[in-house]
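Asker: Any chance you could fold what I've pasted below:
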Amino acid sequence: MKHLLVIGDGMADLPLAALEGRTPLTAARMPNADRLAAEGRLGRASFIPEGMDPGSDLGILSILGYDVAAPDSVPARAVLEAAGRGITLGPGETVLRVNFCTVADGALLDASAGGVRREEAEALSEALNEGLQEPELRFIPGVGYRALAILAAGDLSPVRCQPPSGVLGRPLSASWPSGAGAERLRAVMERAQAVLEVHEVNAVRRDLGESPANFAWLWAPGVPMALRPFGPRAALVAGVDLPKGIARLAGMTVLEVSGATGDAETDLAGKAAAALKSLETHDLAVVHVEAPDEASHAGDPQGKVKVLERLDAELLGPLLAAAEKNGWRMALVTDHVSGTEARAHLPGAVPVALWGPGFAPVREGLAYDEASAERADLHFEAGHEMMEYFLKRR
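Answerer: Numbers count the residues shown, from 1 in each chain. A predicted model of the protein is given here:
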């Protein structure tokens, strides 16, 4: 049996005034997603255990069957993203995730600086490597506003850091890292701000009316750590480093699509084609789409609706047609609630639709949205149990 799994990052949301009290999933025209819900088993899953940070790292790992609540079972997010970049960490090295952000009047205003171009990220990373005069620390640009920082000596993994989306609008003074090594990390960020504030990239961005990428927020520190191999022969296609890193550490095949960018213009048709091609040699194809989450972080409800409709037409459409023709199973999930008004990840169960042989509907009239999922009978209290149910149900 072949299986298709689509992870729409951050699709779930709260009702929004801008959408007349609807969520983006309810407001969007998604006939293929609704068909998965109506013809298959719709339910909800708590992919991130209560009390844990509702991040995509934990959400995606849980979707793939990893028990993220188990002690010391999950590599730090920055370690996963480094693996996604193909970076092998050496003994004694600490890697941190970096967001190029916008800071003004001592507060963090935008966790992604409104979006950062690749060439800008490269220039800003190079400026930090030259300007900080920290020979043991190097910045490596990633996709858009995302970067990594690798510290050659000195374990910073015990430092407690907040994700930048969790401190939006708050004074930096109330949000600094804490714990052993935090002062060193804070000093790096303060010195980085001085370098970025006057950089030519930000002078140009201000002239264009864009938010300056004038701050480097460092978080999610970690040291090298392995991940239990994933069972089935699986392939993944994604536009950003985090899911790629999870796949690489899990022993999956990572598929490259040149137009898979992680933003609203990502090549969804190309992702669909790559996933379907991979099923010639694999048992499971996983497609991750970052764009809904990015729209939430941008506070753009209409933009989120648009990317959801694109996801339905350009990705779910061809995948569902192939699944129906070949008798495959298909699942549509999201990793966490992504609040467009809060511009941050939120706790809570999220919709899950399982379709194909073995997944006959229990209730009629359900659509792929939060309210329908609440009414459905299926609920994975331990979200990591969904994957085994999807793959092995008879």
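Asker: contacting residues around the closest residue to E122 other than its chain neighbours?
Answerer: Nearest residue to E122, sequence neighbours excluded (C-beta to C-beta, 6 or more residues apart in numbering): P141, at 4.8 Å. Where C-beta positions appear, they are placed from N, C-alpha and C, glycine not excepted. Residues near P141 by C-beta atoms under 8 Å, 6 or more residues apart in numbering: 118, 121-122, 124-125, 147.
Asker: Is P141 bridged to anything, and to what?
Answerer: Beta-bridge partners recorded for P141 (DSSP bridges): A147.
Asker: how close does it get to A194?
Answerer: When C-beta to C-beta, to the nearest Å is applied, the distance between P141 and A194 equals 20 Å.
Asker: Okay, strands next: where are they in the stretch 251-394 of the chain?
Answerer: 253-255, 284-289, 329-333, 337-339, 344-346, 350-355, 378-380 (DSSP state E, counting those that start in this stretch).
Asker: Would you format those strands as a markdown table with distance to E50, mean neighbour count and mean pLDDT included?
Answerer: Below are the strands of the stretch 251-394 of the chain laid out as a markdown table (distance: least, C-beta to C-beta, whole Å; neighbours: other C-beta atoms under 10 Å; pLDDT from 0 to 100):
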| stretch | distance to E50 | mean neighbour count | mean pLDDT |
| --- | --- | --- | --- |
| strand 253-255 | 31 | 18 | 98 |
| strand 284-289 | 24 | 28 | 98 |
| strand 329-333 | 19 | 25 | 98 |
| strand 337-339 | 13 | 25 | 97 |
| strand 344-346 | 12 | 20 | 94 |
| strand 350-355 | 14 | 27 | 98 |
| strand 378-380 | 14 | 17 | 97 |
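Asker: Adding distance to L108, write those out as a markdown table.
Answerer: Converted to a markdown table, the strands of the stretch 251-394 of the chain look like this (distance: least, C-beta to C-beta, whole Å):
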| stretch | distance to L108 |
| --- | --- |
| strand 253-255 | 32 |
| strand 284-289 | 26 |
| strand 329-333 | 30 |
| strand 337-339 | 17 |
| strand 344-346 | 12 |
| strand 350-355 | 26 |
| strand 378-380 | 34 |
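Asker: Tell me which of these lies nearest to A107.
Answerer: strand 344-346 (14.9 Å; C-beta to C-beta).
Asker: domain assignment for this structure?
Answerer: Following automatic domain parsing, one gets these domains for the chain: 3-75+226-392, 94-222.
Asker: Tell me how far the first one lies from the chain's centre.
Answerer: Centroid separation for domain 3-75+226-392 versus its chain: 10 Å, with C-alpha atoms, centre = their mean, to the nearest Å.
Asker: Next, the distance between the ends of that domain.
Answerer: 11 Å (C-alpha to C-alpha, to the nearest Å).
Asker: got it, and stretch 109-129?
Answerer: Start-to-end, stretch 109-129 (C-alpha to C-alpha) is 25 Å.
Asker: which residues sit against it?
Answerer: 99-103, 138-147, 163-165, 168-169, 192, 195-196, 199-201, 205, 210-214, 216-217, 263, 294, 297-298, 343.
Asker: Please narrow those residues to those residing in strands.
Answerer: Among the contacts of stretch 109-129, the ones falling in strands (DSSP state E) are 99-103, 138-141, 146-147, 216-217.
Asker: Leaving out the residues flanking it, which one is nearest to the residue nearest to the spatial centre of the chain?
Answerer: By C-alpha atoms, centre = their mean, the chain has its centre lying nearest to S56, at 4.4 Å. Once flanking residues are discounted, S56 sits nearest to D335: 5.3 Å by C-beta to C-beta, 6+ apart.
Asker: How many residues are close by the nearest residue to P224 once chain neighbours are set aside?
Answerer: Spatial nearest neighbour of P224, chain neighbours left out: L89 (4.4 Å); criterion: C-beta to C-beta, 6+ apart. Neighbours of L89 under the rule other C-beta atoms under 10 Å: 17.
Asker: wait, is L89 part of a helix?
Answerer: No. According to DSSP: H, G, I helix; E, B strand; the rest coil, L89 belongs to no helix; its state is coil.
Asker: Go ahead and confirm it touches L96.
Answerer: No. The pair L89 / L96 is not scored as a contact, 11.5 Å apart, by C-beta atoms under 8 Å.
Asker: rewinding a little: specify which member of the ones in strands among the contacts of stretch 109-129 is nearest to S173.
Answerer: Ranked by distance to S173 (C-beta to C-beta), those are led by V103 at 11.8 Å.
Asker: tell me the contacts of the closest one?
Answerer: V103 makes contact with 109, 172, 193, 214-215 under the criterion C-beta under 8 Å, 6+ apart.
Asker: Looking at the residues you listed, point me to the pair that's furthest apart.
Answerer: Greatest spatial distance among the contacts of V103 (C-beta to C-beta): L109 and Q193, at 13.3 Å.
Asker: coming back round to it: among the contacts of stretch 109-129, which ones are buried?
Answerer: Among the contacts of stretch 109-129, those classed as buried by 16 or more other C-beta atoms under 10 Å are 99-103, 139-147, 163-165, 168, 192, 195-196, 199, 201, 205, 210-214, 216-217, 263, 294, 297-298, 343.
Asker: Of all the residues in the helix or strand encompassing E122, which ones are buried?
Answerer: Element membership of E122, judged by DSSP states H and E, is helix 118-131. For helix 118-131, a neighbour-count test (16+ other C-beta under 10 Å) marks 120-125, 127-129 as buried.
Asker: Make a markdown table out of these and add distance to M30 and pLDDT.
Answerer: Putting those into a markdown table (distance: C-beta to C-beta, whole Å; pLDDT from 0 to 100) gives the following:
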| residue | distance to M30 | pLDDT |
| --- | --- | --- |
| E120 | 34 | 97 |
| A121 | 33 | 97 |
| E122 | 37 | 97 |
| A123 | 39 | 98 |
| L124 | 37 | 98 |
| S125 | 38 | 97 |
| A127 | 43 | 97 |
| L128 | 41 | 97 |
| N129 | 44 | 96 |
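Asker: Noted, bye for now.
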